[in-house]
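Enquirer: this is a predicted model, with the sequence first.
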Amino acid sequence: MADFDLNNTSAATQAARLDTAVATRLLVAEGILDYSGHICTRVPGRDAFTIQDGATARADLGPDDILIVDYDGQVIEGSGTPPIELAIHLEILRARPDVVSVLHSHLDLAIAFTMMEGVQLLPMRARASRWKSGIPTDPDPSHIKLPEQGRALARTLGPHHAALMRAHGLVLVAEDIRACFVDALHFKENARAMFEVLQAGARPVPLTPDEIAQIEAKEVRAWHARKLWNYYVRKALAEGTLPANWKQAVLG
(Lines give C-alpha, C1' and ligand atoms only; values in the text may rest on other atoms or scores of the structure.)
Protein backbone atom coordinates (compact mmCIF):
# COMPACT_ATOMS: atom_id res chain seq x y z
CA MET A 1 0.00 0.00 0.00
CA ALA A 2 1.41 3.39 -0.99
CA ASP A 3 1.36 6.34 1.40
CA PHE A 4 -1.79 8.46 1.36
CA ASP A 5 -1.24 11.39 -1.01
CA LEU A 6 -3.91 13.97 -1.74
CA ASN A 7 -2.07 14.82 -4.96
CA ASN A 8 -2.52 11.31 -6.43
CA THR A 9 -6.03 12.00 -7.74
CA SER A 10 -8.72 14.60 -7.32
CA ALA A 11 -9.32 15.54 -3.70
CA ALA A 12 -12.92 14.25 -3.71
CA THR A 13 -11.95 10.85 -5.11
CA GLN A 14 -9.03 10.43 -2.77
CA ALA A 15 -11.09 11.53 0.24
CA ALA A 16 -13.77 8.95 -0.68
CA ARG A 17 -11.09 6.28 -0.96
CA LEU A 18 -9.61 7.19 2.39
CA ASP A 19 -12.99 7.28 4.17
CA THR A 20 -13.80 3.85 2.70
CA ALA A 21 -10.54 2.41 4.02
CA VAL A 22 -11.00 4.04 7.43
CA ALA A 23 -14.63 2.98 7.81
CA THR A 24 -13.70 -0.58 6.89
CA ARG A 25 -10.90 -0.75 9.46
CA LEU A 26 -13.19 0.71 12.13
CA LEU A 27 -15.93 -1.79 11.30
CA VAL A 28 -13.41 -4.63 11.66
CA ALA A 29 -12.27 -3.24 15.02
CA GLU A 30 -15.90 -3.18 16.21
CA GLY A 31 -16.63 -6.74 15.10
CA ILE A 32 -19.04 -5.76 12.32
CA LEU A 33 -16.76 -6.80 9.44
CA ASP A 34 -14.13 -9.54 9.46
CA TYR A 35 -12.61 -11.47 6.55
CA SER A 36 -15.66 -10.59 4.46
CA GLY A 37 -18.23 -7.85 4.04
CA HIS A 38 -17.66 -4.41 2.54
CA ILE A 39 -18.75 -0.79 2.52
CA CYS A 40 -18.98 1.65 -0.39
CA THR A 41 -19.68 5.31 -1.03
CA ARG A 42 -20.55 7.38 -4.06
CA VAL A 43 -17.75 9.64 -5.29
CA PRO A 44 -18.93 13.28 -5.28
CA GLY A 45 -19.15 14.74 -8.77
CA ARG A 46 -18.63 11.41 -10.53
CA ASP A 47 -20.90 8.64 -11.81
CA ALA A 48 -18.97 6.14 -9.75
CA PHE A 49 -18.51 4.69 -6.28
CA THR A 50 -15.79 3.19 -4.14
CA ILE A 51 -15.40 -0.47 -3.25
CA GLN A 52 -12.45 -2.33 -1.85
CA ASP A 53 -10.28 -4.77 -3.76
CA GLY A 54 -11.93 -8.07 -2.84
CA ALA A 55 -8.67 -9.89 -2.13
CA THR A 56 -7.25 -7.39 0.38
CA ALA A 57 -7.70 -8.01 4.11
CA ARG A 58 -10.25 -5.60 5.55
CA ALA A 59 -8.07 -4.80 8.57
CA ASP A 60 -5.21 -3.61 6.33
CA LEU A 61 -7.03 -1.53 3.74
CA GLY A 62 -5.52 1.71 2.58
CA PRO A 63 -6.68 4.24 -0.02
CA ASP A 64 -4.73 2.51 -2.78
CA ASP A 65 -6.69 -0.70 -2.13
CA ILE A 66 -9.97 1.07 -2.89
CA LEU A 67 -11.31 0.78 -6.43
CA ILE A 68 -13.46 3.27 -8.29
CA VAL A 69 -16.30 1.48 -10.10
CA ASP A 70 -18.87 2.89 -12.51
CA TYR A 71 -22.57 2.01 -12.55
CA ASP A 72 -21.96 -0.63 -15.20
CA GLY A 73 -19.80 -2.44 -12.64
CA GLN A 74 -16.53 -1.66 -14.43
CA VAL A 75 -13.37 -0.72 -12.52
CA ILE A 76 -12.32 2.67 -13.85
CA GLU A 77 -9.57 3.43 -11.32
CA GLY A 78 -7.42 1.20 -9.18
CA SER A 79 -5.81 -2.19 -9.46
CA GLY A 80 -7.68 -5.30 -8.40
CA THR A 81 -11.04 -7.01 -8.59
CA PRO A 82 -14.17 -5.95 -6.67
CA PRO A 83 -15.73 -8.30 -4.12
CA ILE A 84 -17.85 -11.11 -5.54
CA GLU A 85 -20.98 -9.43 -4.13
CA LEU A 86 -20.52 -6.16 -6.01
CA ALA A 87 -24.13 -6.51 -7.21
CA ILE A 88 -25.35 -5.67 -3.69
CA HIS A 89 -23.86 -2.19 -3.84
CA LEU A 90 -24.42 -1.59 -7.53
CA GLU A 91 -28.12 -2.43 -7.58
CA ILE A 92 -28.97 -0.64 -4.33
CA LEU A 93 -27.19 2.53 -5.49
CA ARG A 94 -29.02 2.31 -8.82
CA ALA A 95 -32.40 1.85 -7.14
CA ARG A 96 -31.93 4.45 -4.38
CA PRO A 97 -30.61 7.82 -5.57
CA ASP A 98 -31.03 9.10 -1.99
CA VAL A 99 -28.45 6.58 -0.72
CA VAL A 100 -24.76 7.50 -0.74
CA SER A 101 -23.23 4.63 1.24
CA VAL A 102 -24.05 0.90 1.46
CA LEU A 103 -22.69 -1.58 4.00
CA HIS A 104 -22.91 -5.36 3.67
CA SER A 105 -21.99 -7.32 6.81
CA HIS A 106 -22.27 -10.90 8.05
CA LEU A 107 -22.97 -9.80 11.61
CA ASP A 108 -23.89 -12.89 13.66
CA LEU A 109 -26.55 -11.06 15.66
CA ALA A 110 -28.29 -9.97 12.48
CA ILE A 111 -28.18 -13.47 11.01
CA ALA A 112 -29.72 -14.90 14.19
CA PHE A 113 -32.87 -12.83 13.66
CA THR A 114 -33.36 -14.43 10.24
CA MET A 115 -33.44 -17.89 11.85
CA MET A 116 -36.10 -17.31 14.52
CA GLU A 117 -39.64 -18.28 13.63
CA GLY A 118 -42.12 -15.52 14.40
CA VAL A 119 -39.49 -13.08 15.71
CA GLN A 120 -38.85 -9.77 13.95
CA LEU A 121 -35.99 -7.42 14.77
CA LEU A 122 -37.59 -4.29 16.23
CA PRO A 123 -36.38 -0.78 17.17
CA MET A 124 -35.60 -1.17 20.88
CA ARG A 125 -32.91 1.39 21.71
CA ALA A 126 -33.24 5.11 21.14
CA ARG A 127 -30.96 5.32 18.09
CA ALA A 128 -32.87 2.45 16.51
CA SER A 129 -35.58 4.96 15.63
CA ARG A 130 -33.59 5.05 12.39
CA TRP A 131 -35.34 1.76 11.47
CA LYS A 132 -38.87 2.78 12.42
CA SER A 133 -40.16 1.94 8.93
CA GLY A 134 -39.14 -1.68 9.35
CA ILE A 135 -36.31 -4.11 8.69
CA PRO A 136 -37.42 -6.56 5.98
CA THR A 137 -35.70 -9.88 5.31
CA ASP A 138 -34.55 -10.94 1.86
CA PRO A 139 -35.14 -14.68 1.33
CA ASP A 140 -31.99 -15.41 -0.71
CA PRO A 141 -29.36 -17.03 1.59
CA SER A 142 -26.65 -17.32 -1.10
CA HIS A 143 -23.93 -14.98 -2.26
CA ILE A 144 -25.53 -12.07 -4.13
CA LYS A 145 -23.40 -12.35 -7.26
CA LEU A 146 -25.83 -11.82 -10.11
CA PRO A 147 -27.54 -8.57 -11.16
CA GLU A 148 -30.99 -10.10 -10.73
CA GLN A 149 -30.09 -11.11 -7.16
CA GLY A 150 -28.92 -7.57 -6.43
CA ARG A 151 -32.12 -6.13 -7.88
CA ALA A 152 -34.21 -8.49 -5.77
CA LEU A 153 -32.36 -7.42 -2.64
CA ALA A 154 -32.86 -3.76 -3.58
CA ARG A 155 -36.60 -4.43 -3.93
CA THR A 156 -36.65 -6.08 -0.50
CA LEU A 157 -34.86 -3.07 0.98
CA GLY A 158 -37.36 -0.75 -0.72
CA PRO A 159 -37.50 2.65 1.02
CA HIS A 160 -36.06 1.31 4.29
CA HIS A 161 -32.60 1.95 5.79
CA ALA A 162 -31.78 -1.70 6.57
CA ALA A 163 -32.59 -5.21 5.42
CA LEU A 164 -31.64 -8.62 6.75
CA MET A 165 -30.52 -11.41 4.44
CA ARG A 166 -31.77 -14.89 5.30
CA ALA A 167 -29.00 -16.96 6.98
CA HIS A 168 -26.47 -14.55 5.47
CA GLY A 169 -26.22 -11.04 6.89
CA LEU A 170 -27.53 -7.53 6.42
CA VAL A 171 -27.35 -4.36 4.39
CA LEU A 172 -27.46 -0.83 5.77
CA VAL A 173 -27.77 2.37 3.76
CA ALA A 174 -27.12 5.98 4.70
CA GLU A 175 -26.58 9.49 3.40
CA ASP A 176 -22.78 9.25 3.73
CA ILE A 177 -20.18 6.68 4.70
CA ARG A 178 -19.46 8.10 8.15
CA ALA A 179 -23.17 8.02 9.02
CA CYS A 180 -23.31 4.46 7.67
CA PHE A 181 -20.53 3.44 10.08
CA VAL A 182 -22.41 5.03 12.99
CA ASP A 183 -25.64 3.31 11.94
CA ALA A 184 -23.79 -0.02 11.98
CA LEU A 185 -22.75 0.56 15.59
CA HIS A 186 -26.33 1.32 16.60
CA PHE A 187 -27.73 -1.58 14.58
CA LYS A 188 -25.46 -3.98 16.45
CA GLU A 189 -26.39 -2.39 19.81
CA ASN A 190 -30.09 -2.68 19.02
CA ALA A 191 -29.86 -6.30 17.87
CA ARG A 192 -27.92 -7.19 21.02
CA ALA A 193 -30.48 -5.44 23.23
CA MET A 194 -33.39 -7.35 21.71
CA PHE A 195 -31.46 -10.63 21.82
CA GLU A 196 -30.75 -10.12 25.53
CA VAL A 197 -34.43 -9.42 26.22
CA LEU A 198 -35.35 -12.65 24.45
CA GLN A 199 -32.66 -14.57 26.35
CA ALA A 200 -34.13 -13.27 29.60
CA GLY A 201 -37.45 -14.83 28.61
CA ALA A 202 -39.18 -11.45 28.48
CA ARG A 203 -41.37 -9.95 25.80
CA PRO A 204 -39.55 -7.30 23.75
CA VAL A 205 -41.13 -3.86 24.07
CA PRO A 206 -40.11 -1.77 21.05
CA LEU A 207 -40.18 2.00 20.84
CA THR A 208 -43.67 3.35 20.29
CA PRO A 209 -44.46 5.83 17.51
CA ASP A 210 -44.83 8.59 20.12
CA GLU A 211 -41.45 7.73 21.63
CA ILE A 212 -39.84 7.72 18.19
CA ALA A 213 -41.34 11.13 17.43
CA GLN A 214 -40.00 12.45 20.73
CA ILE A 215 -36.51 11.09 19.96
CA GLU A 216 -36.46 12.46 16.42
CA ALA A 217 -37.64 15.90 17.53
CA LYS A 218 -34.40 16.24 19.49
CA GLU A 219 -32.10 14.36 17.11
CA VAL A 220 -29.30 16.17 15.27
CA ARG A 221 -28.11 13.31 13.10
CA ALA A 222 -25.14 15.01 11.43
CA TRP A 223 -23.77 16.22 14.78
CA HIS A 224 -24.16 12.76 16.33
CA ALA A 225 -22.46 11.03 13.38
CA ARG A 226 -19.55 13.48 13.51
CA LYS A 227 -19.18 12.99 17.27
CA LEU A 228 -19.01 9.19 17.04
CA TRP A 229 -16.78 9.19 13.95
CA ASN A 230 -14.24 11.40 15.72
CA TYR A 231 -14.37 9.24 18.87
CA TYR A 232 -13.79 5.96 17.04
CA VAL A 233 -11.13 7.43 14.75
CA ARG A 234 -9.20 8.80 17.74
CA LYS A 235 -9.59 5.44 19.52
CA ALA A 236 -8.27 3.63 16.44
CA LEU A 237 -5.34 6.04 16.09
CA ALA A 238 -4.39 5.52 19.74
CA GLU A 239 -4.59 1.73 19.36
CA GLY A 240 -2.68 1.65 16.07
CA THR A 241 -5.65 0.44 14.04
CA LEU A 242 -5.20 3.51 11.83
CA PRO A 243 -1.82 4.95 10.75
CA ALA A 244 -0.91 8.16 12.58
CA ASN A 245 -0.35 10.02 9.30
CA TRP A 246 -4.06 9.68 8.42
CA LYS A 247 -5.15 11.75 11.42
CA GLN A 248 -5.48 15.17 9.84
CA ALA A 249 -7.35 13.86 6.79
CA VAL A 250 -9.95 11.75 8.63
CA LEU A 251 -10.92 13.86 11.63
CA GLY A 252 -13.54 16.57 11.54
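Expert: The structure has been received and is ready for your questions.
Enquirer: once you drop chain neighbours, what's closest to Ala110?
Expert: Among residues not flanking Ala110 along the chain, Leu170 sits closest, at 4.2 Å (Cβ to Cβ, 6 or more residues apart in numbering). No exception for glycine: its C-beta is placed from N, CA and C like everyone else's.
Enquirer: what packs against the helix or strand hosting the one you found?
Expert: Using DSSP states H and E, Leu170 sits within strand 169-174. Applying 3 or more Cβ pairs under 8 Å, 6 or more residues apart in numbering; DSSP states H and E, we find strand 169-174 packed against helix 86-95, strand 101-105, helix 108-112, helix 147-157, strand 162-165, helix 177-199.
Enquirer: quick one: Cys40 is in a strand?
Expert: Yes - counting by DSSP: H, G, I helix; E, B strand; the rest coil, Cys40 is part of a strand.
Enquirer: that one against Val102, yeah?
Expert: Yes - taking contacts as Cβ atoms under 8 Å, Cys40 lies within contact range of Val102: 5.3 Å.
Enquirer: shared neighbours of these two, anything?
Expert: Common neighbours of Cys40 and Val102, using Cβ atoms under 8 Å, 6 or more residues apart in numbering, are 89, 93.
Enquirer: more crowded one of these two?
Expert: Each of Cys40 and Val102 has its neighbours counted (other Cβ atoms under 10 Å); Cys40 has more, 31 against 27.
Enquirer: from Asn190, how far out is that one?
Expert: Separation of Cys40 from Asn190 (Cβ to Cβ, to the nearest Å) stands at 23 Å.
Enquirer: could you do Ser36 as well?
Expert: Noted for Ser36: a distance of 22 Å to Asn190, by Cβ to Cβ.
Enquirer: try Thr208
Expert: 15 Å.
Enquirer: higher neighbour count, the two?
Expert: Between Thr208 and Asn190, Asn190 has the larger neighbour count (other Cβ under 10 Å), namely 26 against 10.
Enquirer: for that one, which non-adjacent residue is closest in space?
Expert: Ala128 (3.9 Å).
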